[in-house]
Each structure stands twice: as C-alpha cells, then as structure tokens.
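Enquirer: Would you be able to build a 3D model of this:
(chains A and B)
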Amino acid sequence: MSVIIEGFISLLLIAGGIFVFIGSLGMAHLRDFYMRLHGPTKATTLGIGCMLIASMAYFWSVDGKPDAQELLITLFLFITAPVSAHLLAKSGLHLQLKRVDKTQGKPVELRPEEVGEKPVPHPDKGHG
Amino acid sequence: MIAPRSWLPTPVLSILLLVVWLLLVRSYAFGQFVLGGALAILIPLLTHRFWDVRPRIAKPFVLLRFIFRVLGDIVIANFEVAYLIVNPWRKLKPHFIEYPLMLEERFTITLLASTISLTPGTVSANLRMDGKSLLIHALNVDDEEALIRQIRERYERPLKEIYEC
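Expert: Next up, the predicted model:
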C-alpha cells in the first residue's frame, strides 16, 4: 500500500473521529434537549461517512477490488437519523421538556394552557 | 382481503431490494441474482398494504440534482454545526419555527422533513395533525423569514416539481 493511500485513509479516519467527537460533545454540553438533538443528527453523519469512505478505500487497496457494502450503512444511516431525531423531538415536545429562555418562537405544543396542564387564570379573580 | 393489483406493485422498491441484497451478500453470482430477485418480488407483495401511496416521479433529473444538492448541504451542515458546538464564544439563538407546508402528499412531506433534519442547523420536530405546517427547531437563526424562504426555494419547490407537478 502506497504512502499516499495510507495518508489519505488516515486523514479520513482522523477527520471522521473529530466530527463524531464534536457531535458527542454537542450532545453532552449544549443547553437544552432540543439543541442537543442537533449534534448527533448532523455532526455524526459526516463523521461516519468519512470513516466508511476510509474503510472502503482500505479494503479496496488491500483486496484489490472495490466493495460497496459500506454504502449500505450510509444509506441506512441517512434513512434512520432524521426519523429518530424527529421522534425524539416529538416525544420531547410531548413531555414538555424545558427549553432555554432565549429560545424564540412559541409553538402551540409547549404552551401549558393549550395542553391543559396548567389552568388558565381567570381574568377577574374577585369572584372566587 | 384486497388482491394486489399486479405481481410487481412497486418496481422501484423491488430494484432497491435487489441491489441491497447483492451488496449484503457481497457476491454477484447468478444464484444470488435469482434469490435476490425472488425476495425483491416477494417482500413488496407481502408488505404492499403497509405502504403508503407513493406519487410517481415526474422528473428524474431534477431528483438527481436534488440528491446532490442535499448531499452537499449535509457536508456544509456538518461543518456549521461542528463550528457552533466548538466555538466557546458562541451566542446561539435557538428558535422554534412554524413552517407552512406547500406539499400535500404524505410521502413528500416525509422527504422534506428528513431533508430539513439533515441540513444546516434545523431539526423537524413535529408535523401538525392537519398536515398543514411543520414545527422546526433551529439551532442558530437570525432571520426567521429568510430561513423559511430558503427551505421553500431550496428543498420544497424541487420536491413539488419532482413529485406533484
């Protein structure tokens, strides 16, 4: 295996590792549930993509014939990552998870009055 | 029970299944073609009641361009989100956005929602029951209108053109 291919593969592996690490870091230290979702859905797709390309290149250079099996993993990942993120966000909304105060936008799903969890105070309280 | 209309209700799914089978067994022998082909016909027949009605692809070339555009955007999205996470002086402005949908078919809405989740700084959070609007959570947004316009022009219009024109 030539040095150039080795360097290319190592570069891809390192880049993939960095991206996956940053994705996990985002999941660990962003402020609320909805922001934490962004890390694993995005930063990991490219990271795993890099690693799979590296794997394809390695086995191509070792076995001498191209192998597209890794493409399947990419395909499944691209199908499942958004769906699981959507379901997680949906269940987060359902459970009324807290969001950071600076979050703008008021979705109906998160207003306590709309869901009936907290009773809306009546305008005139004098009549008890 | 309703009988399937033909022995090949979803040709695209069948081709996809055959390709996936061949890649999984890592062999292109004739026997694997026969076995994979049999499975590719049998599985759609057994599961066709589960599948939603899928609209016909009207413009395959626009679809191809759309796929490449999304792949490029995924790479950009990764860099953007990675930068937002690592940058210690970041001032994130998270935002819940209601996106009014133009698409009507459930299948294309699914495609759009997945695309939104995979591309820069946005995760689709909830599809309203009436199917008229999509709730999106964005990691860092300055201008809500601009984001809605960007999604509309970049992803929704091509999808509508491809499937529902």
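
Enquirer: residue ranges for the strands of chain B, please.
Expert: Counting by DSSP state E, chain B has strands at residues B:95-100, B:122-127, B:133-138.

Enquirer: For chain A, tell me whether the last one is touching it.
Expert: Just to be clear, that refers to strand B:133-138. Yes: Strand B:133-138 reaches chain A (C-beta under 8 Å from any C-beta of the partner chain) through B:Leu135, B:His137. C-betas here are computed from N, CA, C, even on glycine.

Enquirer: re earlier: identify whichever of the strands of chain B lies nearest to B:Ala38.
Expert: Among those, strand B:122-127 comes nearest to B:Ala38, with 36.6 Å by C-beta to C-beta.

Enquirer: Note down every partner strand of that closest one and its orientation.
Expert: Here strand B:122-127 is paired, per DSSP bridges, with strand B:133-138 (antiparallel).

Enquirer: okay, the angle between the strand it pairs with and strand B:95-100?
Expert: Orientation of strand B:133-138 against strand B:95-100 (axes from the mean of the first three to the mean of the last three C-alpha atoms, to 10 degrees) gives an angle of 150 degrees.

Enquirer: How far away from the center of its chain is strand B:133-138?
Expert: Its chain's C-alpha centre and that of strand B:133-138 lie 16 Å apart, by C-alpha atoms, centre = their mean, to the nearest Å.

Enquirer: would you list every one of the helices in chain A?
Expert: Remark: helices assigned in chain A by DSSP state H are A:3-29, A:33-36, A:38, A:44-63, A:69-94, A:112-115.

Enquirer: Pick the most buried one from those.
Expert: helix A:38 (a mean of 30; mean count of other C-beta atoms under 10 Å in any protein chain shown).

Enquirer: Quick one: check that one for contact with chain B.
Expert: Yes: on the criterion C-beta under 8 Å from any C-beta, helix A:38 is in touch with chain B at A:His38.

Enquirer: can you list the helices of chain A in a markdown table and add mean pLDDT?
Expert: Formatted as a markdown table, the helices of chain A follow (pLDDT from 0 to 100):
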| stretch | mean pLDDT |
| --- | --- |
| helix A:3-29 | 88 |
| helix A:33-36 | 80 |
| helix A:38 | 79 |
| helix A:44-63 | 85 |
| helix A:69-94 | 82 |
| helix A:112-115 | 54 |
